[in-house]
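Undergrad: fold the following, please.
(2 chains)
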Number of protein chains: 2
Amino acid sequence: MKLYTFHQSGSAYRVRIALNLKGIDYEPVFVRGGRGSQDLRSSDYLRLNPQGVVPTLVDEARILTQSMAIIEYLEEIRPDPPLLPADPGGRARVRALAQLVASDIHPLITARVIDYLDTELRLPRERQQDWLRDWNMRGLRAFEASLADGPENGRYSHGDRPTLADVCLIPQVYTARRFGCDLSSLPSVQRIYDHCLSHPAFHRAAPESQPDAPGS
Amino acid sequence: MKLYTFHQSGSAYRVRIALNLKGIDYEPVFVRGGRGSQDLRSSDYLRLNPQGVVPTLVDEARILTQSMAIIEYLEEIRPDPPLLPADPGGRARVRALAQLVASDIHPLITARVIDYLDTELRLPRERQQDWLRDWNMRGLRAFEASLADGPENGRYSHGDRPTLADVCLIPQVYTARRFGCDLSSLPSVQRIYDHCLSHPAFHRAAPESQPDAPGS
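TA: This next block holds a predicted model:
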């Protein structure tokens, strides 16, 4: 498999973690993402991914886009180790936690949204920072509240094995810290983050561990 | 099952379509959503849904949140008729189309984002409208482009049966029209929208068909 990835992309980070957890070897193709990226606008890349975003996963003849769809695909073709629990209720809880990140936090803080705030709305830098911190914190507070509700808490978001919920949470916490969010009011989120980073699959997927990170 | 729903909520609309397509009877509980909703902030509702958003589905003792997780749950407990194709590649394509809507369009045009643009950023009404139209159109253009790429086009987004992709697309097109988007450059999206609305499961789920819609 070939993964088009950018070290700082939260959604590429998710797919890197999932591939590592499943022990799937992949060939990374580094595309420079972020604001004003030319790589993502190249006609070659747009043929693979008409939205011009990372990640894209190529599995032989299949071209796969959208990180959540890619990870469900990996779960189906390589079910072991599972990223979802076996019971429908548990699966729904894990997918809801994952979706809270993927739908309610991440989309509001992507490079294209920051670009809109900057060039279309001409928002001062300080208000842009507020936006990024506010949406990160609202979502992570909801994640923390949802964790407290669950009877299934262990070392990870759902029990004692990493799931899709952690695959989504960890990149979002990374981003929140990068934007200077104060996470001290979110003890469960912080505990899970620290625990995940001690797991080699998460550690190897981290932005700073990527060959395309500055200083690598 | 009991569905906490608001007629105009795009994500509740998705779940209503999925329930109808699967022929699952449900009891609707109407909560007034939209900007400044008090229903969603009530302590009773927040116990069910800590984020204070619709939809919530209650299936006996299970409380389910996040529309995409709810629909995957329905697919698992009631697999027939399926909302996803049988082959992993087709499933990934349908989930990617669905996620394009659920992650890349809908989150940017929710009531809480409009509220932020209005009360935090004090954006003039006209710029708010631009924001809503711009994100709707960018996403729907990407959806149209992705349809053109697929070899599987039929009357619906993926072949000749409704899938999760249509379940997500139709509410988004409804919203885009409500915000005054000009969809004339999106012939496949328009054709699928018109075709879906002729299907009773979609028709009965439409906002204007709901008992909590004004004038109902």
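Undergrad: SS state for the residue sitting furthest away from the middle of chain A?
TA: Most distant from the centre of chain A: A:Arg122, at 27.6 Å, with distances by C-alpha atoms, centre = their mean. With DSSP: H, G, I helix; E, B strand; the rest coil as the basis, A:Arg122 sits in coil.
Undergrad: how close does it sit to chain B?
TA: 10 Å (C-beta to the nearest C-beta, to the nearest Å). Using the backbone N, CA and C atoms, a C-beta is placed for each residue, glycine as well.
Undergrad: would you map the strands across chain A?
TA: A:2-5, A:27-30, A:56-59, A:62-65 (DSSP state E).
Undergrad: adding distance to chain B, write the ones you listed out as TSV.
TA: As requested, those are arranged in TSV below (distance: least, C-beta to the nearest C-beta, whole Å):
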stretch	distance to chain B
strand A:2-5	14
strand A:27-30	19
strand A:56-59	9
strand A:62-65	5
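Undergrad: need those in a markdown table with mean pLDDT and distance to B:Asp87, can you?
TA: As requested, the strands of chain A are exported to a markdown table (pLDDT from 0 to 100; distance: least, C-beta to C-beta, whole Å):
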| stretch | mean pLDDT | distance to B:Asp87 |
| --- | --- | --- |
| strand A:2-5 | 98 | 21 |
| strand A:27-30 | 97 | 24 |
| strand A:56-59 | 98 | 13 |
| strand A:62-65 | 96 | 10 |
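Undergrad: tabulate those (JSON lines), appending mean neighbour count.
TA: Below are the strands of chain A laid out as JSON lines (neighbours: other C-beta atoms under 10 Å in any protein chain shown):
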{"stretch": "strand A:2-5", "mean neighbour count": "22"}
{"stretch": "strand A:27-30", "mean neighbour count": "15"}
{"stretch": "strand A:56-59", "mean neighbour count": "22"}
{"stretch": "strand A:62-65", "mean neighbour count": "21"}
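Undergrad: got CSV for these, with distance to A:Asp80 too?
TA: Output for the strands of chain A, formatted as CSV (distance: least, C-beta to C-beta, whole Å):
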stretch, distance to A:Asp80
strand A:2-5, 20
strand A:27-30, 22
strand A:56-59, 17
strand A:62-65, 20
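Undergrad: tell me which strands and helices the longest helix anywhere in chain A is in contact with?
TA: In chain A, with assignment by DSSP state H, the single longest helix is helix A:125-149. When contacts are defined as 3 or more C-beta pairs under 8 Å, 6 or more residues apart in numbering or on different chains; DSSP states H and E, helix A:125-149 sits against helix A:88-104, helix A:164-178, helix A:187-197.
Undergrad: pLDDT score for A:Ala102?
TA: With respect to pLDDT, A:Ala102 scores 98.
Undergrad: surely it touches A:Ser67?
TA: Yes. Between A:Ala102 and A:Ser67 there is a contact under C-beta atoms under 8 Å: 7.3 Å.
Undergrad: thinking again about what came up before, compare the strands of chain A and give me the one nearest A:Pro187.
TA: Nearest to A:Pro187, of all the strands of chain A, is strand A:2-5, at 31.3 Å by C-beta to C-beta.
Undergrad: so which elements touch the helix-or-strand element of chain A with minimal mean pLDDT?
TA: Lowest mean confidence among the helices and strands of chain A (mean pLDDT, DSSP states H and E): helix A:43-48, at a mean of 91. Under the contact definition 3+ C-beta pairs under 8 Å, 6+ apart, helix A:43-48 sits against strand A:56-59.
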